[in-house]
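**Student:** Have a look; sequence and predicted model below, questions after that.
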Amino acid sequence: MKKTILLLMSVQFFVYLGFGIIIPVLPEVIVQQGYADIHVGGLITIYALASFFTAPLWGMLSDRTGRKKLILIGLAGFSLSFFLSSFFLDQLYMLYAARIVGGFFSGALYTAVTGFVADITTDEERNKYMGLLGMSIGLGFIFGPAIGGLLSSITLSLPFTASAVLVLLLLVYAAIFLKEPARRGSAHKRKIVPQGGLTLWQYRIRYLFVFSFMVTFLLAGLESTFQLFQIDQIEITPLQLGYLFIASGLVDAAIQGGVVRRIKDGQETKWIIGAQIVAAAGLFLLPFTMNLFFAGVALSIFTAGNALARTALVSLTSKESGGKYGTAAGMTYSMDNMGRIIGPLFFTWLLTMQSGSIYFLSGALALIATGLILLYENSTKTLRNSEKASAL
C-alpha cells in the first residue's frame, strides 16, 4: 500500500505544481506582451474556477468508471494543458483555454485520488494518509513557483514543456503499477457544498471555515501580485523570483517539520493567532522593498506565519469536526478554492490602482481574521464529543 500512496502523493504534487508553476511565468508573459495586469489574476482565477465547479461531476464519474481510469484521464488532460500553454504562450485567449483545460482535469485527479485513498485505508488510517496528500498539495504550491522561476530563466515556455513531459511519464508509471482498488465508498465527499456541510455551519467550526478562506485568500493574493509589484520596485526577474520562492519554501518546510510538532493539544488557537501576527508583519514590510534581500525576508516572514496558521488550522478543524472529518475537510477544501478564485482577481485589480499599499490592506485583514479565532474560542456550540455529530 505504501507504493500506492507514494504514487498518489506524486499525482497530487504534480497537479498543484501545475497550479503554482505559472505564477512566476505569467506576469513576465503579460508584461512582455503588453496585456493588462488584471489578466494575471484572471488566468489564475479561471483555473481555480474550472477545478471547483467540475470536481463534483468527476466525483460521480469516479464512482461509476473507477479510480484508476479517471486518474489516467486526468493526467492525460493535465499534460495537454501544459503543452497548450507552452505552444501558445503569446496568445492570450489560448492561455485562458489552456488554464481552463488544466483546471478541468485537476478536478478529475483530486476526486479520483481522494476516493482511491478512501478505498484502500481503514477509518483509523485515513486521517494520516489524507494528511500526506495534503502535504503533497502544499509542496506543489511551494515548489511550483520556484521551479517555474528557475526554468523560465532559460525560456518562458520551458516550465510548461517540462511539466507536460513529467506528467506524461507519471501517466505511464500509473498505468503500469496502479491497481484499481476494491470500492468501499464514493467520491461524492468533494461536492461544492459537502453533504452535511450546512449542518456543520450551525456550530463554532464555521469560524474555522471562514478563517481558512481568509488564509488562502491572502496567500493567493500575494502569489498573484508579488512579482508584478517587485518588477516595478526592483525589476525582479523570473530567475530571481525562483530563488525567493525556494527560500520561502525552505521556511515552509522548516515550519511543517519542526515548529508544528511543538503545538500541544489545546494550544492550537494561540499558535494560529501568533502565526497571523507574523504573516501580517511580512505583508506590512513588503511595500518598503528596496532590494532582493529585503523582498526575500518579507516573503519568508509571511510564509512562516501563513504555513503555521494553515497547518495548525487543519489539525484544529479535524478535532472540532465531531468525527465528521471527511465532511469538514470537503468544506475546508471548498473555502480554500473560493480563496483561490477571489484572491488573485481582487488583489491584481487592486494593485493596478494602489500599487504596494495593497499589502497594508492585506496585513490588516490578516490581523482582523484573528477575530474569527476569538469568536471560535468564546463559542460553546461545539461538536467535540457531541452525540449530535453522529446524526449529521
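**Tutor:** Yep, it's here.

**Student:** Now do the contacts for the residue nearest to the spatial centre of the chain.
**Tutor:** Central residue check for the chain by Cα atoms, centre = their mean: the C-alpha nearest the mean position is that of residue 141, 5.9 Å away. By Cβ atoms under 8 Å, 6 or more residues apart in numbering, residue 141 lies in contact with 16, 19, 20. Yep, even glycine has a C-beta here, placed from its N, CA and C like the rest.

**Student:** Lowest-confidence one in these?
**Tutor:** pLDDT across the contacts of residue 141 is lowest for residue 19, at 70.

**Student:** who does the strand or helix carrying that residue touch, helix- and strand-wise?
**Tutor:** Using DSSP states H and E, residue 19 maps to helix 2-21. Helix 2-21 sits against helix 67-87, helix 92-120, helix 123-151, helix 158-177, with contacts defined as 3 or more Cβ pairs under 8 Å, 6 or more residues apart in numbering; DSSP states H and E.

**Student:** can you give me the mean pLDDT across the last one?
**Tutor:** Think helix 158-177. Helix 158-177 carries an average pLDDT of 89.

**Student:** Break the protein down into its domains, please.
**Tutor:** For the chain, automatic domain parsing gives the domain ranges 1-192, 193-384.

**Student:** and the first one, how far out from the chain's middle?
**Tutor:** Just to be clear, that refers to domain 1-192. 11 Å (Cα atoms, centre = their mean, to the nearest Å).

**Student:** How about the last one?
**Tutor:** Put simply, domain 193-384 sits 10 Å off its chain's centre (Cα atoms, centre = their mean).

**Student:** Flag every buried residue along the helix holding residue 19.
**Tutor:** Judged by neighbour count using 16 or more other Cβ atoms under 10 Å, the buried positions of helix 2-21 are 4-5, 7-9, 11-21.

**Student:** Nearest to residue 230 among those residues?
**Tutor:** Taking Cβ to Cβ as the measure, residue 230 lies nearest residue 20 of the buried residues of helix 2-21, at 17.0 Å.

**Student:** what's the closest non-adjacent residue to the closest one?
**Tutor:** residue 144 (2.2 Å; Cβ to Cβ, 6 or more residues apart in numbering).

**Student:** my guess is that neighbour meets residue 15, correct?
**Tutor:** No - the pair residue 144 / residue 15 is not scored as a contact, 10.0 Å apart, by Cβ atoms under 8 Å.

**Student:** What average pLDDT does the helix or strand residue 347 falls within get?
**Tutor:** Following DSSP H and E, one finds residue 347 within helix 325-354. Mean pLDDT, helix 325-354: 82.

**Student:** Can you name the next helix or strand after it?
**Tutor:** Tracing the chain past helix 325-354, the next element assigned as helix or strand by DSSP H and E is helix 358-378.

**Student:** list the helices and strands that following helix packs on?
**Tutor:** helix 205-234, helix 268-285, helix 325-354.
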